[in-house]
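[1] The amino acid sequence is not available; the structure is as follows:
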């Protein structure tokens, strides 16, 4: 279903006694309606509108364990609920759908294990981090 373009509140549509109030309310409501309408027209973004963020990390693993510590601060509200690897770059194919095991302490995420990668090959992972 596609949303219809919202009808604006125009002060000229009201009686002389109500024009001032209609102009004030119309300014607030019209702006809000337009923002919601624009969001519904495929303009919603992860970083600006959802409690999610995208990070790009380089990782090399041996038996799934990163060969160096990988930690970063997340910018989400609340705790991280999960991650999803949305893209991989590397000199070798993955062995299965990559998956991250992580821990989080005080907003710092530490990657403990990445399964699905070929050992000793450096990958660049684009990760969607999902907040609560």
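    Yep, that arrived. No experiment lies behind these values; they were computed from the predicted model shown.
[2] For this protein, give me the ranges with low pLDDT.
    Applying pLDDT under 70 to the chain flags residues 1, 3.
[3] Where do the domain boundaries of it fall?
    11-43, 48-131 (automatic domain parsing).
[4] quick one: terminal-to-terminal distance for the last one?
    Between the opening and closing residues of domain 48-131 lies a distance of 13 Å (Cα to Cα, to the nearest Å).
[5] How about stretch 113-128?
    Stretch 113-128: ends 16 Å apart by Cα to Cα.
[6] ok, now stretch 7-19?
    By Cα to Cα, one end of stretch 7-19 lies 17 Å from the other end.
[7] hmm, who's touching that stretch?
    With contact meaning Cβ atoms under 8 Å, 6 or more residues apart in numbering, stretch 7-19 is reached by 20, 21, 22, 23, 25, 26, 29, 30, 33. For every residue, glycine as well, the C-beta is placed using N, CA and C.
[8] any chance of the domains of the chain in TSV, plus mean neighbour count?
    Listed next are the domains of the chain as TSV, based on neighbours: other Cβ atoms under 10 Å:
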stretch	mean neighbour count
domain 11-43	12
domain 48-131	14
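[9] Tell me which of the ones you listed sits nearest to residue 4.
    Closest to residue 4 of those is domain 11-43 (Cβ to Cβ; 8.6 Å).
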